[in-house]
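> Show me how the following folds:
(chains A and B)
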Amino acid sequence: MRHRVIAAATVIVAVLCAAGPARAQDTGARSRPSVVATPADSTLEARTTAVASALRCPVCQGESIQDSPAQLAQDMRAVVRDQLRAGKTPDEIRAYFVSKYGEWILLEPAMRGLNILLYAFPVILVVGGLALVVFLVRRWSKPEANT
Amino acid sequence: MNWKRAIVAMFAAVPLIALFAYGFTRDPRDIPSPLPGHDAPAFALAVFAPGEPPFTRPVGDTIRLRDLAGKVTVVNFWASWCLACRDEHVTLSETARQYAGRPTQFVGVLYNDRPAAGLRWIADMGGQSYPSVADDRSRTAIDFGLFGVPETFIIDPTGRIAYKHIGPISASVLRHWIDSLVPIPAAGDTVRQPSVR
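Next up, the predicted model:
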């Protein structure tokens, strides 16, 4: 009984870990469509959306400046749009916001230094959880096969 | 066998407990700003609230950060809809008056608000000793990495941000930083620099 509880908990943790990144991707996909004034602006709008979707809204809870209706988020989107129009690259724009707000502003932290743990930990957890499930299931199935 | 299990469980649990314990010592709202220690973003903003003598600036006049070099500049972001801004308003106005004879400059920056609403708020609050400027489309606020209001930046005479304060600022904090940064007349060009927090 106790083993089954442990196995159930392990499976739940593994499923939640696997669902985490999927939910984060959903957030990007559900980005509000931008108002497109003319066909010529559509490329700029698409690039603005791409950059703004990766920047965290400072006055919201885990929303990007693309998704948030907050005034500050709208103003930040306007900054992104203006900087793209001025010829700056997405990396330069991200660097600008990082210089003002720190790495916190990036919804997806840069994969370097201790940040690598953020990316590696869910993978380790899923693989470890699956290994544990396999290990426990094989051990439990032995006595059943003997009876 | 049970001892082995207990030791394995302990090795697995201790790092997790340590991680959670460390997390509980931190305030998730406390996000370190990269700005202190760096040059303050340049701004040139139009005055909408003139302030009171001797700080009066004509409405429409442009206040530029670079024109304030050599002074300790206190930049306070505020809004008429901000309740916490009421708590610090008298403190800021009074402290500005107390330092009137010294190389200091207080500037209010209206954030995400209409100047007309800002003027009404100043009148309701009994006036503001120093001038306030309007920040159209929050460009200066974003340049200063603003999260909300009130936020106060203390800029040293060389134009470097010495301190960023989130929330209502107290007179003692203001005095500490201004006294630390104002050039000492008797020591010529010597400027005392506090450790940046």
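
> who's in contact with residue 56?
You didn't say which chain, so I picked chain A. A:62-65, A:101, A:104-107 (CB atoms under 8 Å, 6 or more residues apart in numbering or on different chains). The way it works is simple: take the backbone N, C-alpha and C, and place the C-beta from them, glycine included.

> wrong one, I was asking about chain B
Counting by CB under 8 Å, 6+ apart, B:Thr56 touches B:50, B:131.

> Give me the secondary structure label for it.
Secondary structure, DSSP: H, G, I helix; E, B strand; the rest coil: B:Thr56 is coil.

> Now it. Its backbone dihedrals?
Here is the backbone geometry of B:Thr56 (degrees, to the nearest 10): phi -60, psi 130.

> can you pull the pLDDT of it?
Per-residue confidence at B:Thr56 stands at 95 (pLDDT).

> how near is it to chain A?
Remark: distance between B:Thr56 and chain A (CB to the nearest CB, to the nearest Å) = 30 Å.

> residues from chain A in reach of chain B?
By the rule CB under 8 Å from any CB of the partner chain, the part of chain A lying against chain B is A:58-59, A:71-72, A:75-76, A:78-79, A:98-102, A:104.

> So in chain A, where's the weakest helix or strand by average pLDDT?
Within chain A, confidence by mean pLDDT, DSSP states H and E is lowest for helix A:2-29 among all helices and strands, at a mean of 48.

> Following the chain past that one, name the next helix or strand.
Where DSSP states H and E defines the elements, the next helix or strand beyond helix A:2-29 is helix A:39-52.

> Off-centre distance for that following helix?
21 Å (CA atoms, centre = their mean, to the nearest Å).

> Following element in sequence after it, please.
By DSSP H and E, the next helix or strand past helix A:39-52 is helix A:71-85.

> Could you list every helix and strand that that following helix packs against?
Under the contact definition 3 or more CB pairs under 8 Å, 6 or more residues apart in numbering or on different chains; DSSP states H and E, helix A:71-85 sits against helix A:39-52, helix A:90-101, helix B:139-143.

> what's the most buried one of those?
helix B:139-143 (a mean of 20; mean count of other CB atoms under 10 Å in any protein chain shown).

> Next, see if that helix gets close to chain A.
Yes - Helix B:139-143 is in contact with chain A by CB under 8 Å from any CB, via B:139, B:141-143.

> for chain A, what are the nearby residues on chain B?
So far as CB under 8 Å from any CB goes, chain B lies against chain A at B:31-35, B:112, B:137-139, B:141-148.

> Put the buried members of those residues into a PyMOL selection.
Selecting the buried subset of those in PyMOL, with 16 or more other CB atoms under 10 Å in any protein chain shown as the burial test, is done by:
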select buried, chain B and resi 33+34+35+112+138+139+141+142+143+144+145+146+147+148
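
> In contact with whichever residue of chain A sits closest to chain B, which residues?
Closest to chain B within chain A is A:Lys100: 3.7 Å, counting by CB to the nearest CB. The contact partners of A:Lys100, taken as CB under 8 Å, 6+ apart, are B:34-35, B:142-145.

> Same question for B:Ile142.
A:72, A:75-76, A:79, A:100.

> rerun that using 6 Å as the cut-off
Applying CB atoms under 6 Å, 6 or more residues apart in numbering or on different chains, we find B:Ile142 in contact with A:76, A:79.

> per-residue confidence at it?
Value for B:Ile142, per-residue pLDDT: 97.

> Over to A:Ser42?
Confidence score, pLDDT, at A:Ser42: 88.

> circling back to that earlier point, as JSON lines, the residues of helix B:139-143 next to chain A with distance to B:Arg160 would be great.
Shown next, in JSON lines, are the residues of helix B:139-143 next to chain A (distance: CB to CB, whole Å):
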{"residue": "B:Arg139", "distance to B:Arg160": "21"}
{"residue": "B:Ala141", "distance to B:Arg160": "19"}
{"residue": "B:Ile142", "distance to B:Arg160": "19"}
{"residue": "B:Asp143", "distance to B:Arg160": "15"}
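
> Give me the below-cutoff pLDDT ranges for chain A.
Along chain A, segments meeting pLDDT under 70 span A:1-37, A:39-40, A:143-147.
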